[in-house]
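Participant: here's a sequence, model it:
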Amino acid sequence: MKLVLSITKEVERRSLEEKPPAGMSSREHVIRIIYDELVKILGEGRDVTLKRHVIMMIGLYGQGKTTTTAKLAKYFQKRGLKVGLIAADIHRPAAYDQLRQLAEKINIPIYGNPKANRAVAVVKNGMKQHVDADVIIIDTAGRHSLEEDLIDEMKRISKVAKPDEKFLVLDAAVGQQAGPQAQAFHDAVQVTGVIITKLDGTAKGGGALSAVSVTNAPVTFIGVGEHIDDLEKFDPPRFISRMLGMGDLQTLLEKAQESMEDGDAEVVARKMMSGKFTLLDMRDQMEMLNKMGPLDKVMGMLPQGFGGFKAPGMDKQSAHETQERLKRFKVIMSSMTHYELENPKEIKSSRIKRISRGAGVDQKEVRSLLKYYNMSQKAVKGLTSNRRMRKKLMKQLQMPEMDGLDM
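Facilitator: Numbers count the residues shown, from 1 in each chain. Down below sits the predicted model:
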């Protein structure tokens, strides 16, 4: 409550005393002030060094710690590091099996002993097993509350493993309980970072974010979905920007770069922004979009109103329907010739009939694809014809202004 009052007073003061910059409306001015104040509270974030180190995962029961352990392993694996997991939760039934199944999916070695009764012994043996690993991640036991035996076990594991990082895992819905929890764990083992899970639900993590900021234990990662790749490095400016509906084009561009085997993400962005793309380009971009994850999350990274999308308001049902429709479009495009993909305006009645037969769909589906293509072109052209908006987008994408575009 004190934090909320402090923010609102500062927003009110700045809104009345500071004049909006040239070209910025009063509404945009206030949103920018709110953005500045929230970023100020959360700080600058902190990078986790990509080098040989040991990570200890801690937290209460049911916060998503074991799943997050696997996600973190995948995060480092994707960056070229050799990862080893240690299942040190000897108290929860099937904890070892859960982590083992997740590890097998991503082809990461794991050490654990479901029959063990001493977590410290498991950690000792696991450290020997993974002596050649670049990153060792230890999944420790959680409890329903901060019990003395949990604290004691954490201290003993920390003494044996000598972890470089001790990450506290918190559920986004934990609310004001995050404060005492973070402080207690910090007093026991000196927490170096916090990972907030389940931010893909209705909870925004406000309680957890504000509480951990008070303890000076920075948020390092956030869980944004159920899939093994749904873990993002926490960047306060980007996070706040997305939360306020201002979009997160930088993260979107990074995801695009990760999803591309060859080529240049800037070239793709330029084509999309210029509207000068063919069906062939659209097919390639649809492939890239599919690799980037669920459509509702991708749309949530776009500013509200971008190209006619109401991001981040796209619900999962409508996003799923759109994604299925895009899959059908890909099948239809596979029945087109290279000439037709490069020259969609040449696709008339006779070609539509042939394409529909080849794809095994009704002719109206082919027309629906062409309509979608034309709408996409118009939407992007409408956006980029606004020079002020284009400059703003290029700044967020860290690209030079695209002069000479045929809008």
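Participant: what is the end-to-end distance of stretch 104-124?
Facilitator: 22 Å (C-alpha to C-alpha, to the nearest Å).
Participant: mean confidence score for that stretch?
Facilitator: Across stretch 104-124, the average pLDDT comes to 93.
Participant: before we move on, what about stretch 147-154?
Facilitator: In this model, stretch 147-154 has an average pLDDT of 83.
Participant: flag every buried residue along it.
Facilitator: Within stretch 147-154, the residues that qualify as buried are 150, 151, 153, 154, counting by 16 or more other C-beta atoms under 10 Å. No exception for glycine: its C-beta is placed from N, CA and C like everyone else's.
Participant: which element is residue 116 on?
Facilitator: Under the criterion of DSSP states H and E, residue 116 resides outside all helices and strands.
Participant: and for residue 5?
Facilitator: helix 2-17.
Participant: can you check residue 166 too?
Facilitator: Assigned by DSSP H and E, residue 166 belongs to strand 165-171.
Participant: got the contact list for residue 108?
Facilitator: Going by C-beta atoms under 8 Å, 6 or more residues apart in numbering, residue 108 touches 70, 73, 74, 77, 83, 84, 85.
Participant: now it. Its backbone dihedrals?
Facilitator: Dihedral pair for residue 108: phi -120, psi 130, per degrees, to the nearest 10.
Participant: residue 343 too?
Facilitator: For residue 343, the backbone dihedrals (degrees, to the nearest 10) come out as phi -130, psi 70.
Participant: give me the number of residues near it?
Facilitator: Neighbour count of residue 343, defined by other C-beta atoms under 10 Å: 13.
Participant: near the closest residue to residue 64 other than its chain neighbours, how many other residues are there?
Facilitator: With C-beta to C-beta, 6 or more residues apart in numbering as the criterion, residue 64 has its nearest non-adjacent residue at 3.7 Å, and that residue is residue 197. Residues near residue 197, counting by other C-beta under 10 Å, number 28.
Participant: ok, residue 197 touching residue 167?
Facilitator: No. In this structure residue 197 lies outside contact range of residue 167 using C-beta atoms under 8 Å: 11.1 Å.
Participant: tell me the first helix or strand C-terminal of the strand holding residue 166.
Facilitator: Next helix or strand after strand 165-171 toward the C-terminus (DSSP H and E): helix 178-189.
Participant: residue 336: what's it in contact with?
Facilitator: 279, 347, 355.
Participant: isn't residue 87 right up against residue 100?
Facilitator: Yes. Between residue 87 and residue 100 there is a contact at 7.0 Å, judged by C-beta under 8 Å.
Participant: between these two, which is the more surrounded one?
Facilitator: Using other C-beta under 10 Å as the criterion, residue 87 and residue 100 rank with residue 87 on top: 27 against 18.
Participant: per-residue confidence at the more buried one?
Facilitator: Per-residue confidence at residue 87 stands at 95 (pLDDT).
Participant: got it, and residue 173?
Facilitator: With respect to pLDDT, residue 173 scores 82.
Participant: what about the contacts of residue 336, which are in helices?
Facilitator: Among the contacts of residue 336, DSSP state H puts 279, 355 in helices.
Participant: and of the contacts of residue 336, the nearest to residue 237?
Facilitator: residue 279 (36.4 Å; C-beta to C-beta).
Participant: does that closest one touch residue 340 like I think?
Facilitator: Yes. Counting by C-beta under 8 Å, residue 340 is a contact partner of residue 279 at 7.3 Å.
Participant: kindly report the domain assignment for this protein.
Facilitator: Using automatic domain parsing, the domain ranges for the chain come out as 2-42, 53-232, 249-396.
Participant: circling back: least confident pick among the contacts of residue 336?
Facilitator: On pLDDT alone, residue 279 ranks lowest of those, at 82.
Participant: who touches that residue in this structure?
Facilitator: 333, 336, 340, 341, 342, 344, 373.
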